[in-house]
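Student: Next comes the sequence, and after it the predicted model I'd like to discuss.
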Amino acid sequence: MRRALFVLTLVIILVSTWMAFTIGEVVPSEANVTVEKNIVYVHVPSAICTALCLVVVLVAGICYLRTGKDQWDRLGAASAEAALVFATVLNVTGSIFARPFWNTWWAPSPRLISSAILWFLCVAYMILRTNIQNPRHRARICAVFGIIAFLDVPMVFVTARLMTDQHIDNVRFETAAQSASFGLSILGIVLLAALLIWLKTDILQSKAKLERDLT
Amino acid sequence: MYYLCLAVSVAWLIYFGYLFYLERQVKDLRKRLDARTADS
């Protein structure tokens, strides 16, 4: 089952990447922007996936605090790690995106700052997880921290609308092929996120079982 | 095209780097499970 999902994900990502390079030429809403627009096929799906992973962290955190079941803690930890991976891709591809547009790798724009804060929150979650030894204590603190970290997600999306921001607002897809390419790239990355969370949850479950058996 | 290639390469590098890290964790777990089975 997992192998089939992996192959499906790989095929979708490969096809969407090929489409981004060939038929996916897109036009941003700003008339003066004429270069390197196709990075949206990598950048936007990773932003959506970071948000989705943090939604899972939020739900897992709330469920853990309500039920106290370890499976929610493991799901939260796996999702936070996946969120860190996608937030890294989001910030790195954002920098690569910024270079041809603004002639700089990074600018103090509200959306860029809130995205960077999101990445640091994911790192802080991982640091918390590795440094607290007591499993119950660790699970409770990480659940609360995950809920707090999620609060930055709406900030990333809202800041660009509420404040003056040089970040590109939206892109216009002119053909069905472009929309299909964009939809495929989002589907591929969402499937990859699901796969990574599934794999990591299983690893954490096996580790917990092994440690329980040893003690 | 240069920046798109760079973005795609970096994204794939990060995804596969993380998958490689997960695979190493699975191998390590398998090794520990085998050692436990051999002990018992």
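Tutor: Nice, I can see it.
Student: ok, now how distant is residue A:143 from residue A:150?
Tutor: Note on residue A:143: its distance to residue A:150, by CB to CB, to the nearest Å, is 11 Å. C-beta coordinates here come from the backbone N, C-alpha and C atoms, glycine included.
Student: Could you name every residue contacting both of those two?
Tutor: residue A:61 (CB atoms under 8 Å, 6 or more residues apart in numbering or on different chains).
Student: can you pull the contacts of residue A:194?
Tutor: residue A:5.
Student: where's the host helix or strand of it relative to the chain centroid, distance-wise?
Tutor: Using DSSP states H and E, residue A:194 sits within helix A:176-214. Here the centre of helix A:176-214 is set off from its chain's centre by 11 Å, with CA atoms, centre = their mean, to the nearest Å.
Student: Just the buried positions in that helix, please.
Tutor: A:178, A:180-182, A:184-204, A:206 (16 or more other CB atoms under 10 Å in any protein chain shown).
Student: before we move on, which element is residue 20 in?
Tutor: Picking chain A for this. For residue A:20, the host element (DSSP H and E) is helix A:2-21.
Student: meant chain B, my bad for not saying
Tutor: Applying DSSP H and E, one finds residue B:20 within helix B:2-39.
Student: Who are the packing partners of that helix?
Tutor: With contacts taken as 3 or more CB pairs under 8 Å, 6 or more residues apart in numbering or on different chains; DSSP states H and E, helix B:2-39 sits against helix A:2-21, helix A:40-67, helix A:70-102, helix A:176-214.
Student: Okay, the residue positioned nearest the centre of chain B and residue B:26: tell me how far apart.
Tutor: Chain B has residue B:20 as the residue nearest its centroid, 1.7 Å off, counting by CA atoms, centre = their mean. Per CB to CB, residue B:20 is found 11 Å from residue B:26.
Student: Let me know the pLDDT of residue 36.
Tutor: In the absence of a named chain, this looks at chain A. pLDDT, residue A:36: 58.
Student: oops, I was thinking of chain B
Tutor: Looking at residue B:36, the pLDDT reads 77.
Student: Can you give me the buried ones in the helix holding residue B:20?
Tutor: Buried-residue list, helix B:2-39, by 16+ other CB under 10 Å: B:3-4, B:6-8, B:10-11, B:14-15, B:18-19, B:22, B:25, B:29.
Student: got the contact list for residue A:128?
Tutor: A:138, A:141-142, A:145.
Student: which SSE is residue A:142 in?
Tutor: helix A:135-150.
Student: from what I can see residue A:47 touches residue A:90, true?
Tutor: Yes - contact criterion CB atoms under 8 Å: residue A:47 and residue A:90 qualify, at 5.1 Å.
Student: Which one's more surrounded, those two?
Tutor: residue A:90 (27 against 24; other CB atoms under 10 Å in any protein chain shown).
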